[in-house]
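K.L.:
My questions concern the predicted model and sequence given below.
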Amino acid sequence: MRPYKWQVVGALSALAVSSLTWLLLGQGIKYVIDQGFTAGNQTVLTQAFWVVIAVVVVGSLATYVRFYLMVWLGERVSADIRKALFNHLVTLSPGFYAQSRTGEIISRFTSDTTLLQSVVGTGVSMALRSSVMFIGALILMGFTSLKLTLFVFVAVPFILAPIRLLGAKVRDYSKKSQDKVADIGGVVDESLHEIHMLQAFNHEQRSMTDFANKTDAVMQAASKRIHYRALLISAVMLISLSAIFFVGYLGAIAVIEGSISQGQLVAFVFYAVLAGGAIATISEVIGELQKAAGASERILDLMAQRSDIKDSPTSNTKDGASASPQILSLQNIHFAYEKSAVIRGVSFDVQTGDKIAIVGHSGAGKSTLFDLLMRFYDIQSGQILVNGVEQKSLSLSSLRAHFALVSQHPVIFANTVRENIAFARENASLEEIQQAAKLAHADEFIQDLDKGYDTDLGERGVKLSGGQKQRIAIARAILANRPILLLDEATSALDAGSEKLVKQAIDSLMQKTTTLIIAHRLSTVLNADKIIVLEKGQCIAQGNHRELYEGNPTYREFVDLQLSH
Ligand SMILES: Nc1ncnc2c1ncn2[C@@H]1O[C@H](COP(=O)(O)OP(=O)(O)OP(=O)(O)O)[C@@H](O)[C@H]1O
């Protein structure tokens with residue numbers, strides 16, 4: 001709260017002023033009745049009228065300030081929580097996302113923070129105002145008539161009991177219903193992202209039914225919550241109003257007996273109504289606060305998630321500029337995602353400028369190997385040296401700055417062409433971006449787009465063909481200009497023209513850097529300096545195409561079956 005100190009102080013002062021003015025009003029009423037009405041004094045009535053108007057004006061101004069600042073604080077707090085949460089989420093490792101549903105996280109992100117915003121903005125403000133009103137009204141009630149106040153005190157525990165009991169229930173069911181809402185978020189996210197698949201398999205009707213079931217589950221959880229909340233509000237209202245009327249009745253008898261004045265009774269009832277209203281508001285807001293407690297618990301859960309990849313603060317952030325001849329050295333590395341081993345004792349070296357092809361059946365562990373090099377997962381034993389420096393002793397950012405990744409499915413962001421390529425290097429100039437696009441054979445088609453480099457590519461690049469997307473991804477890697485290129489060759493077939501352009505783009509990229517390429521084409525392995533054959537996580541052979549084709553039956557069989565089409 002410290003950064004918003006002045007806003008908090010302002011809001012609290014405004015709160016104090018506005019509460020005080022409304023409480024003063026009761027004293028005004030008492031004075032008007034006893035000195036004006038009952039004494040039949042018109043001058044007093046006129047004076048009192050102006051005083052009351054002044055009090056109301058001050059109270060209203062203070063209410064404006066209180067409301068403005070509290071809602072402002074609500075927005076500010078939720079904006080800060082969103083920032084903190086996003087900053088945290090982008091540091092979590094892919095291992096975390098492999099186990100969670102992104103749609104659900106997005107829902108927590110939006111709906112839970114929005115809930116907190118409304119609660120801080122209005123709920124807390126109402127709760128504070130009502131608490132001050134309640135206490136102030138109680139004190140003034142005591143001041144007006146001690147005896148009647150004591151009667152009211154008897155009623156207080158009866159009002160607080162349902163607030164406690166039912167409040168806990170409301171909180172439980174709020175958490176449940178927010179969880180179900182997050183569930184819905186997950187389904188919407190998945191369905192809309194995979195809309196092609198969904199429609200291609202005529203899955204619309206089934207998706208609708210699934211979704212209807214999920215929304216019904218939200219409704220069910222919500223109706224329990226609503227039930228308890230309604231019960232809470234009505235129980236408090238019943239008890240507090242009955243208490244007020246009963247005390248009012250006792251007060252009326254006291255007026256008849258002459259032990260208090262009419263003005264005192266009216267002021268007392270005025271305060272009692274204020275106090276009762278305040279309690280009713282508090283009980284209503286408590287439901288909201290309980291709901292917010294559920295939401296913040298879930299946000300805290302997310303914030304508490306620690307990335308399993310530890311970026312040691314003492315990491316050497318400098319490039320491992322040792323005199324090692326190998327740019328990369330993998331020494332007997334082992335890795336398992338869960339129980340069964342995926343990489344089992346792989347070792348090989350990469351010299352600067354090498355072009356290494358990695359081949360192997362589907363599921364052999366090729367993509368996993370790339371993930372391990374960039375430390376998206378930690379190896380369980382063995383060593384990976386980058387420029388002679390142990391991978392883990394480099395900071396994550398300096399380690400990853402060694403690699404430019406071109407994945408099998410090119411990633412396009414819902415942004416302009418220019419921003420998509422410059423994703424690799426924030427401060428790249430337009431000339432550099434164009435240069436990279438030219439080398440990637442992307443410049444021609446980009447020039448033909450309606451706004452050239454400023455054309456928006458639409459979500460996931462829906463406006464581009466497969467080959468065009470690949471060339472943009474390659475331009476990005478060229479612009480990144482990193483020492484090692486990790487390239488996962490696309491398996492999906494492109495038409496001959498497109499294929500040729502992509503191949504030329506890849507060639508110009510490979511010329512500049514050391515390359516590790518997951519190869520799916522014979523032409524790629526033919527060009528490689530060294531081929532690594534992976535089978536079930538083991539490196540069963542390495543060498544060039546000729547050596548392996550002659551000396552390794554598994555490789556020969558693999559080439560004949562997999563690559564030579
Ligand atoms: N996040 C993950 N959690 C658990 N297991 C995984 C995960 N990712 C991959 N695997 C498993 O690890 C093994 C190796 O997968 P990997 O993606 O590295 O193979 P690949 O050789 O790249 O295959 P392909 O050529 O089909 O892409 C597979 O058996 C796969 O099921």
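P.N.:
It's in.
K.L.:
What sits closest to residue 120 if chain neighbours are left out?
P.N.:
residue 74 (3.9 Å; Cβ to Cβ, 6 or more residues apart in numbering). Heads up, the C-betas are built off the backbone N, CA and C, glycines and all.
K.L.:
Secondary structure element holding the one you found?
P.N.:
Using DSSP states H and E, residue 74 maps to helix 42-89.
K.L.:
One more: residue 329?
P.N.:
Counting by DSSP H and E, residue 329 is part of strand 326-336.
K.L.:
same for that strand, what does it pack against?
P.N.:
Contact partners of strand 326-336 among helices and strands, from 3 or more Cβ pairs under 8 Å, 6 or more residues apart in numbering; DSSP states H and E: strand 341-351, helix 366-373, strand 381-386, strand 514-518.
K.L.:
Show me what the last one is packed up against.
P.N.:
In terms of contacts (3+ Cβ pairs under 8 Å, 6+ apart), strand 514-518 is packed against strand 326-336, strand 341-351, strand 355-360, helix 366-373, strand 484-488.
K.L.:
I'd like these laid out as CSV, including mean neighbour count.
P.N.:
Shown next, in CSV, are the helices and strands packed on strand 514-518 (neighbours: other Cβ atoms under 10 Å):
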stretch, mean neighbour count
strand 326-336, 19
strand 341-351, 18
strand 355-360, 24
helix 366-373, 21
strand 484-488, 23
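K.L.:
nearest to residue 205, of those?
P.N.:
Taking Cβ to Cβ, helix 366-373 is the member of these nearest to residue 205, at 35.2 Å.
K.L.:
which ones are touching residue 186?
P.N.:
Shown in contact with residue 186 (Cβ atoms under 8 Å, 6 or more residues apart in numbering): 101-104, 107.
K.L.:
ok, 10 Å please
P.N.:
With contact set as Cβ atoms under 10 Å, 6 or more residues apart in numbering, residue 186 has these partners: 100-107, 214.
K.L.:
Name the nearest residue to it, sequence neighbours excluded.
P.N.:
Closest residue to residue 186 in three dimensions, ignoring its sequence neighbours and counting by Cβ to Cβ, 6+ apart: residue 103, at 3.6 Å.
K.L.:
Those residues of the chain touching the ligand, which are they?
P.N.:
Contact residues, the chain versus the ligand (Cβ under 6 Å from any ligand atom): 98, 337-338, 342, 360, 362-368.
K.L.:
can you do 5 Å?
P.N.:
Counting by Cβ under 5 Å from any ligand atom, the positions of the chain adjacent to the ligand are 98, 337, 342, 362-368.
K.L.:
Could you point out the helix or strand that follows the host helix or strand of residue 210?
P.N.:
Mapping residue 210 onto the secondary structure by DSSP H and E places it in helix 204-257. Next along the chain after helix 204-257, taking DSSP H and E as the criterion, comes helix 262-304.
K.L.:
Would you pull up how far that following helix lies from the middle of the chain?
P.N.:
Distance, stretch centre to chain centre, for helix 262-304: 29 Å (Cα atoms, centre = their mean, to the nearest Å).
K.L.:
residues contacting residue 161?
P.N.:
For residue 161, the contact set (Cβ under 10 Å, 6+ apart) comprises 235-236, 239.
K.L.:
Out of the residues you listed, which comes closest to residue 121?
P.N.:
Ranked by distance to residue 121 (Cβ to Cβ), the contacts of residue 161 are led by residue 236 at 23.2 Å.
K.L.:
Against residue 277, how distant is the residue nearest to that closest one when sequence neighbours are not counted?
P.N.:
Closest residue to residue 236 in three dimensions, ignoring its sequence neighbours and counting by Cβ to Cβ, 6+ apart: residue 283, at 4.2 Å. Per Cβ to Cβ, to the nearest Å, residue 283 is found 11 Å from residue 277.
K.L.:
joint contacts of the two?
P.N.:
With contacts taken as Cβ under 10 Å, 6+ apart, residue 283 and residue 277 have 130, 237, 240 as neighbours in common.
K.L.:
Looking at the residues you listed, which is nearest the ligand?
P.N.:
Among those, residue 130 lies closest to the ligand (Cβ to the nearest ligand atom), at 51.0 Å.
K.L.:
what's the burial count for the closest one?
P.N.:
By other Cβ atoms under 10 Å, the residues close to residue 130 number 23.
K.L.:
isn't it right up against residue 122?
P.N.:
No. Contact between residue 130 and residue 122 fails when scored by Cβ atoms under 10 Å: they sit 12.0 Å apart.
K.L.:
any common contacting residues for the two?
P.N.:
Contacts common to residue 130 and residue 122, judged by Cβ under 10 Å, 6+ apart, are residue 285.
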